[in-house]
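> Need a 3D model of the sequence below.
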Amino acid sequence: MKNSEQFWKKSVLKFNSSIQEAISNLNNSGLKIVLVVNHKDEFIGTISDGDIRRGLLANLNINDSIKKIINYEALVVPPEFDKKSALKLMELNQIFQVPIINNKKNIVGLFLRHSITIENERNNIMVIMAGGIGKRLLPHTENCPKPMLEVSGKPILEHIIERAKSEGFLNFIISINYLGEMIESYFGNGKKLGVNINYIREKKPLGTAGALSLLNLKTKEPFIVSNGDVITDISYAELLDFHSKNNSIATMAVNLYEWQNPYGVVRLDGVDIRGFEEKPINRTHINAGVYALSNSALSFLEKDCHCDMPKLFEQLMESSQKVIAYPMHEPWLDVGRSADLNKANKKI
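I've put the predicted structure just below:
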């Protein structure tokens, strides 16, 4: 552990900060934990991805104080704690970070589980939907499938695979249709990336879920599905764990979208004016294009028939199956238009 470098300092946040500031802290530090201190720089608790998600599910606003989502009973260890003991503690409690706190309640370090152990391989499969035409990205997609458009020197699809591989995913299935031979020629069996890749070859466009009807999975383990044009820092492993922990048949990652009305809003009751609101901000959750599905969800699909993912979720709900949302706050971009492609190349 690199205590001498005090890398953990970028994850420290003051007690009077907002949830939005906690989200920014998590995204900027990359440590997946916020270390909260008071005005005396004394440690008082932690905030994780899960704490923020639970807050958002409880209808907290991102501008609300972090005080309601802090884990005030976070596990901590003293400076004399060694790596082996810290690893055992984290494994027993199924956590990935543990702060090191001295007798003056000051933070002096942070143990990170992934820096002590190599990420375990996951047997779960990841399916990537890469068969779309990408009409909104013409002329870029005239001779190139959308997932093969380059962002910072390599295809969007390669970014997705490398991100998943870093979390232990090694087995991929890519659904291809439009100019699919270019994808298959570039990635082959995945050997050059150190992963295993198989393909679903759609004879006709089947939508964002229809191609799943062609899967012949030999495992009953849940799996990840991602659109082939989504670049995100979401943790696929945490999404999958969240799905399994909640005994869901289908879990949809959702992203908070904010839109500010450019006009002052008048609240009416019939013709009576009841109030005014100047340029209000509207907040809603949108489909992020990343999902975790249980094997049993496949039985709700008609083989080789077009179906988009929202339709599959509707069918599952109509059958009283448990479907849930996974609120995400990580950086996310759906590369669906030329402006999105330009934005991705500037950010990554």
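> Which pLDDT does the model give Lys2?
pLDDT, Lys2: 37.
> Now for Lys135: which residues touch it?
By CB atoms under 8 Å, 6 or more residues apart in numbering, Lys135 lies in contact with Thr141. Every residue, glycine included, has its C-beta placed from N, CA and C.
> Next, give phi and psi for it.
phi -60, psi -40 (degrees, to the nearest 10).
> ok, now how distant is it from Glu142?
Per CB to CB, to the nearest Å, Lys135 is found 10 Å from Glu142.
> right, and the helix or strand after the helix or strand of the chain with the lowest mean pLDDT?
When the helices and strands of the chain are scored by mean pLDDT, DSSP states H and E, helix 113-116 comes last with a mean of 75. Scanning forward in sequence from helix 113-116 by DSSP states H and E, the next helix or strand is strand 122-129.
> elements contacting that following strand?
helix 156-165, strand 169-176, strand 223-227, helix 236-245 (3 or more CB pairs under 8 Å, 6 or more residues apart in numbering; DSSP states H and E).
> Any stretches of the chain with poor pLDDT?
Applying pLDDT under 70 to the chain picks out residues 1-5, 116-120.
> so what are the domain limits for it?
3-116, 122-347 (automatic domain parsing).
> Assign a three-state SS to the residue nearest to Cys307 when sequence neighbours are not counted, would you?
Nearest non-adjacent residue to Cys307, counting by CB to CB, 6 or more residues apart in numbering: Gly210, 4.1 Å away. Gly210 falls in the helix class when you classify it by DSSP: H, G, I helix; E, B strand; the rest coil.
> what sits against Gly210?
Taking CB under 8 Å, 6+ apart as the test, what Gly210 contacts is Glu202, Leu301, Asp304, Cys305, His306, Cys307, Asp308.
> How much space separates Val34 from Asn255?
From Val34 to Asn255 the distance is 20 Å (CB to CB).
> Does anything pack onto the helix or strand harbouring Arg53? Which helices or strands?
Per DSSP H and E, Arg53 falls inside helix 49-57. Here helix 49-57 touches helix 19-29, strand 323-328, going by 3+ CB pairs under 8 Å, 6+ apart.
> got the angle for it vs helix 19-29?
Relative orientation of helix 49-57 and helix 19-29, computed by axes from the mean of the first three to the mean of the last three CA atoms, to 10 degrees: 150 degrees.
> Just the buried positions in helix 49-57, please.
Asp49, Asp51, Ile52, Arg53, Gly55, Leu56 (16 or more other CB atoms under 10 Å).
> Could you do stretch 238-252 as well?
Taking 16+ other CB under 10 Å as the criterion, stretch 238-252 shows Glu238, Leu239, Leu240, Phe242, His243, Ser248, Ile249, Ala250, Thr251, Met252 as buried.
> which residues does the residue nearest to the spatial centre of the chain contact?
Of all residues in the chain, the one closest to the mean position by CA atoms, centre = their mean is Ile234, 2.3 Å from it. Neighbouring residues of Ile234 by CB under 8 Å, 6+ apart: Ala253, Ala288, Val290, Met328, Glu330, Trp332.
> Neighbours of the fourth one, how many?
In terms of burial, Met328 registers 24 neighbours under the definition other CB atoms under 10 Å.
> one step back: of the contacts of Ile234, which pair is most distant in space?
The span of the contacts of Ile234, defined through CB to CB, is set by Val290 and Glu330 at 10.3 Å.
> which residues do these two both contact?
By CB under 8 Å, 6+ apart, the residues touching both Val290 and Glu330 are Thr232, Ile234.
> Neighbour count: these two, which is higher?
Val290 (25 against 17).
> List the beta-bridge partners for the more buried one.
Ser226 (DSSP bridges).
> For Ile70, see how far away it is.
28 Å.
> List the buried residues for stretch 60-70?
Quick answer for stretch 60-70 (16+ other CB under 10 Å): Leu60, Ile62, Ser65, Ile66, Ile69, Ile70.
> cool, stretch 192-204 as well?
Those would be Leu193, Val195, Ile197, Tyr199, Ile200, Glu202, for stretch 192-204 by 16+ other CB under 10 Å.
> which residues does the closest residue to Met148 other than its chain neighbours contact?
Nearest non-adjacent residue to Met148, counting by CB to CB, 6+ apart: Pro155, 4.6 Å away. Residues near Pro155 by CB under 8 Å, 6+ apart: Pro147, Met148, Leu149, Tyr186.
> among these, which two are most distant?
Leu149 and Tyr186 (12.1 Å).
> of these two, who's got more company?
Leu149 (19 against 15).
> list the contacts for the residue nearest to Ile281 when sequence neighbours are not counted?
Distances taken as CB to CB, 6+ apart place Gln260 nearest to Ile281, at 4.9 Å, with adjacent residues excluded. Contacts for Gln260 (CB under 8 Å, 6+ apart) come out as Lys279, Pro280, Ile281, Asn282.
> Tell me if I'm right that the second one and Pro262 touch.
Looking back up the chat, that one is Pro280. No. Proximity of Pro280 to Pro262 does not meet the contact threshold set by CB atoms under 8 Å, at 10.4 Å.
> Looking at these two, which is more packed in?
Under the criterion of other CB under 10 Å, the comparison of Pro280 against Pro262 puts Pro280 first, with 13 against 6.
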